[in-house]
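# Mind looking at a prediction? Sequence and model below.
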Amino acid sequence: MIAARDLSFAYPGGGFALKVPALDVAPSERVGVIGPSGTGKTTLLNLVAGMVRADAGALTVAGSDLATLDDAARRRFRATHVGFIFQNFALVDYLNAYENILYPYRVGLGLRLDAQVRDRARALAEACGIAHRLKSHPAALSGGEQQRVAICRALVTQPKLILADEATGNLDPETKEAILDLLFDRASDMQATVLAVTHDHDLLPRFDRVIDFATLRQPA
Ligand SMILES: Nc1ncnc2c1ncn2[C@@H]1O[C@H](COP(=O)(O)OP(=O)(O)OP(=O)(O)O)[C@@H](O)[C@H]1O
């Protein structure tokens with residue numbers, strides 16, 4: 001599902017640079033990524049999602065060679081293949097929770113919004129315990145509720161790859177387990193691959209494999 005070789009990326013302006021000699025993730029694998037703050041874990045997820053393009057190296061994700069795709073093609077790739085749960089949720093403040101969950105269908109990247117999708121959005125919200133909050137805007141939601149909206153949005157397109165950046169960080173231990181169960185159950189149903197950054201070591205036994213980011217990246 002993910003194959004990266006000699007990947008390198010630097011933010012414009014000569015700040016942080018990331019080099020990853022090799023990363024391989026198999027289809028349907030659930031991989032956790034741990035590592036200290038500020039070492040580039042989010043940057044790697046952004047590369048794998050096609051949100052930014054590597055400066056050099058090879059990166060194939062779900063059969064697409066991301067190194068060769070232009071911005072528009074990478075956006076289409078992301079919409080159709082990737083569910084991304086952002087660390088800061090990245091909800092749209094002028095849309096309510098239900099509209100946020102359906103956001104991937106608003107951005108005109110070829111996904112078709114029909115009754116089945118709407119039912120799926122409601123079912124996900126129900127399973128995440130936020131069905132009663134669907135009319136609320138992000139500013140009126142707690143951090144944990146916003147996070148669950150973000151998780152529903154990532155799953156509603158039934159992506160083959162789920163990228164999660166601290167997806168359960170704002171949840172109490174009980175809700176955290178329940179949301180992770182949901183995430184993994186849906187991933188199994190969809191035969192989706194999960195690559196999840198977490199600082200929560202209690203969750204690590206739930207993954208097929210855990211990568212220590214320090215061993216993945218090449219020191220600058
Ligand atoms: N858009 C940006 N422009 C310039 N530098 C950035 C940008 N985004 C992140 N960085 C820098 O890149 C480095 C790696 O950040 P990144 O968010 O990838 O780390 P991380 O391992 O995910 O951290 P955390 O665990 O705290 O989320 C940091 O030094 C950060 O300040």
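Nice, I can see it.

# right, and Phe86 touches Arg153 too?
No. Using CB atoms under 8 Å, Phe86 and Arg153 do not qualify as a contacting pair, with a distance of 9.5 Å. In this view, the C-beta of every residue, glycine as well, is placed from N, C-alpha and C.

# between those two, who's got more neighbours?
The residue with more neighbours, out of Phe86 and Arg153, is Arg153; 26 against 21, by other CB atoms under 10 Å.

# How about the more buried one: what's its closest non-neighbour residue?
Once flanking residues are discounted, Arg153 sits nearest to Ile101: 4.9 Å by CB to CB, 6 or more residues apart in numbering.

# Work out the gap between whichever strand or helix holds Ala196 and the centre of the chain.
If you go by DSSP states H and E, Ala196 is part of strand 193-197. Remark: strand 193-197 is offset 7 Å from the chain centroid, using CA atoms, centre = their mean, to the nearest Å.

# Next up, phi/psi of Phe9, please.
Dihedral pair for Phe9: phi -150, psi 140, per degrees, to the nearest 10.

# What is the neighbour count of it?
Phe9 is flanked by 21 other residues according to other CB under 10 Å.

# do Asp6 as well
Asp6, neighbours per other CB under 10 Å, totals 14.

# related to what we said a few turns ago, please report how far the residue nearest to Arg153 lies from the ligand.
Plainly put, Ile101 is 24 Å away from the ligand if you go by CB to the nearest ligand atom, to the nearest Å.

# Might one say that that residue is in contact with Ile151?
No. With contacts counted by CB under 8 Å, Ile101 stays clear of Ile151, the gap being 9.3 Å.

# so what's in contact with these two at the same time?
Common contacts of Ile101 and Ile151, defined by CB atoms under 8 Å, 6 or more residues apart in numbering, comprise Leu124.

# Help me confirm that Ser8 is found in a strand?
Yes. Per DSSP: H, G, I helix; E, B strand; the rest coil, Ser8 lies within a strand segment.

# ok, back up a step: could you count how many residues lie near the residue nearest to Arg153?
30.

# Show the contacting residues for it.
Taking CB under 8 Å, 6+ apart, we find Ile101 in contact with 121, 124-125, 134, 149, 152-153, 156.

# which ones among these are found in strands?
Applying DSSP state E to these, no entry is found in strands.

# got those as CSV, with pLDDT and distance to Leu183 columns?
Shown next, in CSV, are those (pLDDT from 0 to 100; distance: CB to CB, whole Å):
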residue, pLDDT, distance to Leu183
Ala121, 97, 16
Leu124, 95, 11
Ala125, 96, 14
Leu134, 98, 20
Val149, 95, 14
Cys152, 95, 11
Arg153, 96, 13
Val156, 96, 13
